[in-house]
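In: coordinates for the following, if possible.
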Amino acid sequence: NGAGKSTLLHMIAGVTEPSSGTININGKVTSILTLGIGLREELTGRENIYVDGEIQGRSRAETDKIIDDVIAFVDIGKFIDYPVRTYSTGMKSRLGFSMISLISPEILIIDEALTAGDASFSVKATNHIKKIIKKGKIVIIVSHGMWSICDICNRCIYLKDGGIIMDGAPDKVTKSYVDEIKKEEE
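Out: All right, here's what the predicted structure looks like:
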């Protein structure tokens, strides 16, 4: 905590400007920085999917083509047609993740979103991210979940106090991180 992970993601996503240096992005960035942040509480889940489609620049017809996939992915049953204000935090997270991740991003930034919903949804979200990667897309993930990092990533950067401690293979970098945490706790 406090290493600068979320700040870096915000800069890559274009939410925040760097105080020095430059960031060059080649491709359209889609970010999941805070799940459910853009949901309209009085609208239903289904209505939120259509609103999000408009915000993402999709026509109603384009959203019509993917809405069944999004609803199936969210997997909240009849609640998709209830106002979002009636959703649990996990249901909101599932809806937020599903709406953003199913738009075929060029570069996808995820800040701790793999904890969305329950364990089965987390597995489904992880598998979906792997499909995005197999399509040759870039996925940048910030997580304290070492298993997720080792399972999904082919490169890992360990940040501390705003600097890079280690950059390399996920199994080696996460081991170094865990070993350091153990030393600090002892």
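
In: what is the residue most central in space within the chain paired to in the beta sheet?
Out: By CA atoms, centre = their mean, the chain has its centre lying nearest to Ile110, at 2.7 Å. Beta bridges link Ile110 to Ile32, Ile141, judged by DSSP bridges.

In: how about the contacts made by it?
Out: Applying CB atoms under 8 Å, 6 or more residues apart in numbering to Ile110 gives the contacts 31-32, 129, 139-143. Heads up, the C-betas are built off the backbone N, CA and C, glycines and all.

In: which of the residues you listed tops the neighbour count?
Out: Ile32 (26 neighbours; other CB atoms under 10 Å).

In: that residue reaches Ile107, doesn't it?
Out: No. Contact between Ile32 and Ile107 fails when scored by CB atoms under 8 Å: they sit 11.8 Å apart.

In: CA-only coordinates of the helix or strand of the chain with the lowest mean pLDDT in CSV, if you can.
Out: The helix or strand of the chain with the poorest confidence is strand 29-32; it has a mean of 78 (mean pLDDT, DSSP states H and E). Taking C-alpha atoms only, strand 29-32 is exported to CSV below (Å, rounded to 0.1, in the frame of the first residue of the first chain):
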residue,chain,number,x,y,z
VAL,A,29,-7.3,2.3,-23.1
THR,A,30,-10.2,0.8,-21.2
SER,A,31,-9.9,0.9,-17.4
ILE,A,32,-11.6,-0.8,-14.5
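
In: following it in sequence, what is the next regular element?
Out: helix 45-55 (DSSP states H and E).

In: separation between Arg60 and Glu42?
Out: Using CB to CB, to the nearest Å, Arg60 is found at 20 Å from Glu42.

In: before we move on, what about Val15?
Out: 25 Å.

In: contacts only, for Ile149.
Out: 141, 143, 156, 170, 174.

In: can I get those residues in CSV with distance to Ser120, secondary structure and pLDDT?
Out: Below are those laid out as CSV (distance: CB to CB, whole Å; DSSP: H, G, I helix; E, B strand; the rest coil; pLDDT from 0 to 100):
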residue, distance to Ser120, secondary structure, pLDDT
Ile141, 19, strand, 88
Ser143, 18, coil, 81
Cys156, 25, strand, 95
Pro170, 24, helix, 96
Thr174, 24, helix, 95
